[in-house]
Structures are given as C-alpha cells and as structure tokens.
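Sharing a model that was predicted from the sequence below.
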Amino acid sequence: MKTSRLERIFLNIAIILAIAFFMMPLFWLLTTAFKFGREAFAIPPKWIFFDFTLRNFQEVIQNTKVFRYLTNSIIITTGATVFSLLLGVPAGYAIARSKSGLINTASYFFLLLLMIPPIAMLIPFYLIMRDLHLLGTYAAVIILDTVFDASFVVWMMRSYFQDVPQEMEEAALVDGASHLDAFLKIALPLSLPGIVASALYCIIFSWNDFLFALMLTSPKTKTIPLGILASFSSVEISWGIMAVMSIFAIIPAVIISLFLNRYFVQGLTMGAAKG
C-alpha cells in the first residue's frame, strides 16, 4: 500500500513538472505581452512581479492590421477545412466500402502525399498559381492547404468508416433507402467524432500555416502568422508586440479545441484502431 501511494505521489509530481515544462513558453508569452520592452529579458527574469502595462495591446490594436490578419486567417482556414471535408469524407467512405483491391491499394497514395515535405510542393504550386493568376488571393492558399488537409481526411475517414457497422446501412438499403441516403443518414452520424477530429486537424494545419501563406499571399491577404513576423525588423525585435500578436493567434485555436476536444480524442482513437 505504501509503495502504491509513493508511486501515485511521484506520478503526480512528474505530471506537474511535465505540464509546467510545456506551459513555460505560454507563460512567458503571456507575461511578456504585459511587460515593457526592457523587462522582457531582465536578469534575473521577472516572472510575476514586474511593471504591468497595456501599451503593447494598444500599439497592436492601433498600429497594426491584426484584425485584418485574423479575418484573412479565418477565411483561409474555413475555406480549406470545408473543401477538405467535402472532398475527403465521401472519398474515405467510398474507399472503405469499395470491394476493389486496386482502390484500397491506391488509398496509400494519400498517405504518401502526407509524407512529402510541404516545401517540395511549394515551387510547382507557386508556378501553377502564377499561371492561373491566383497569386495573392485567398484561393491560392486554400487550394494548397486543401491538398494536404484532404489527404489526411481521406486516410482518417477511411479507417473510421471501416469501423462503422455495414449491417445498419444494408438494413436501410433493404428498406428502400438509396446508397446516398445510407451515407447521409447512417454513416455520417455514426462517424461524427471522426469528422470532428479531421476538421480540427484541418483547422490547426491551416491556421498555423506559415510557409504557403508567406509565398502565396499579398499584403491584403496576409494571415496572422505573417503578422507575427512583422514584429521583426532590421532595427529591433518588438517582443511585446510579438507576444500580443501571438496571443491573438492562439485564442481562436484554443477556444475551438476546448469545445471539440472530446470528439477529437474519440475520433483519433477510433479512427486509428484499424489504420
């Protein structure tokens, strides 16, 4: 009994230390946002007791286009997520229900696509977007994000639909339902956690995308990661402004993750069972 109690104590201490370690950058970010520039790198560090200021927030709101950056990120993230789900979910279902060995083997193409470094596809897509006169538009980033997002959705939903009992769909077909009805009214509701998990992946990937946005956007379509980059200049690095911009970038993703976390964990666990 004593050994078990000691194990729980050490386990709790280890968990607390692990959480503190991974939360340290976020804590530094939050405190830096409320510090004057000279205190950001004070030695010894001032973690709690420092001169509190809202000047960094004021400068970001008044002198930067942070809300424009956020709007652009929302537009691109929403577009990439919607198109990825519209393409990936039906494709994953079709592959999962296909009796063809060739189609099931071809599904590994989507996994292969996820293994390709994004930067390797950047130049070809840049030239394609240039020829299509889409450089600097939302569509250019949405299309490229969709290529990677939809590939993950197909692979994820293929594994998930394989876990959905086919007997329920077959019973609906016997009762006169069409294959489309069986997909929309039976398979989709049963696979909701997997769809939410896939949507969260698409949101996180598109929201955090820096490389594609850097090469394919214009000043009018820059996203929030590029707005954070604007905190760096050849003269100085505005750490306080960078911290505030980072907080604005973190908040939407954190809110969405908190609301959908239960579905995300369940979807990843069940979708990976047969993957």
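Here it is on my side, so go on. Residues are numbered from 1 along each chain as shown.

What residue spans form the domains of the protein?
Structural domains annotated on the chain: 2-53, 58-271, as defined by automatic domain parsing.

want to try a markdown table for the ones you listed, with mean pLDDT as columns?
Below are those laid out as a markdown table (pLDDT from 0 to 100):
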| stretch | mean pLDDT |
| --- | --- |
| domain 2-53 | 81 |
| domain 58-271 | 85 |
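
What sits closest to residue 37 if chain neighbours are left out?
Spatial nearest neighbour of residue 37, excluding adjacent residues (CB to CB, 6 or more residues apart in numbering): residue 240 at 5.8 Å. C-betas here are computed from N, CA, C, even on glycine.

How much space separates that neighbour from residue 228?
To residue 228, residue 240 is 13 Å away according to CB to CB, to the nearest Å.

These two: who's more crowded?
Per other CB atoms under 10 Å, whichever of residue 240 and residue 228 has more neighbours is residue 240, with 23 against 20.

mind listing the helices for the stretch 51-200 of the chain?
55-63, 66-97, 101-106, 108-115, 118-131, 138-163, 166-174, 179-182, 188-190, 192-208 (DSSP state H, counting those that start in this stretch).

For stretch 114-127, buried residues please.
The neighbour-count check on stretch 114-127 (16 or more other CB atoms under 10 Å) flags 118, 122, 125-126 as buried.

er, stretch 101-112 I mean
Those would be 107, 110, for stretch 101-112 by 16+ other CB under 10 Å.

Contacts made by that stretch with the rest, please.
94-95, 98, 151-152, 154-155, 158 (CB atoms under 8 Å, 6 or more residues apart in numbering).

and residue 160, how far is that from residue 95?
Taken as CB to CB, the span from residue 160 to residue 95 is 11 Å.

Settle it for me: which of these two has more neighbours?
residue 160 (30 against 21).

For the more buried one, give its distance to residue 154.
Remark: distance between residue 160 and residue 154 (CB to CB) = 11 Å.

any residues in contact with both of those two?
Joint contacts of residue 160 and residue 154 (CB under 8 Å, 6+ apart) are residue 92.

one step back: in JSON lines, list the helices of the stretch 51-200 of the chain along with distance to residue 40.
Formatted as JSON lines, the helices of the stretch 51-200 of the chain follow (distance: least, CB to CB, whole Å):
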{"stretch": "helix 55-63", "distance to residue 40": "10"}
{"stretch": "helix 66-97", "distance to residue 40": "19"}
{"stretch": "helix 101-106", "distance to residue 40": "52"}
{"stretch": "helix 108-115", "distance to residue 40": "38"}
{"stretch": "helix 118-131", "distance to residue 40": "31"}
{"stretch": "helix 138-163", "distance to residue 40": "32"}
{"stretch": "helix 166-174", "distance to residue 40": "58"}
{"stretch": "helix 179-182", "distance to residue 40": "58"}
{"stretch": "helix 188-190", "distance to residue 40": "49"}
{"stretch": "helix 192-208", "distance to residue 40": "24"}
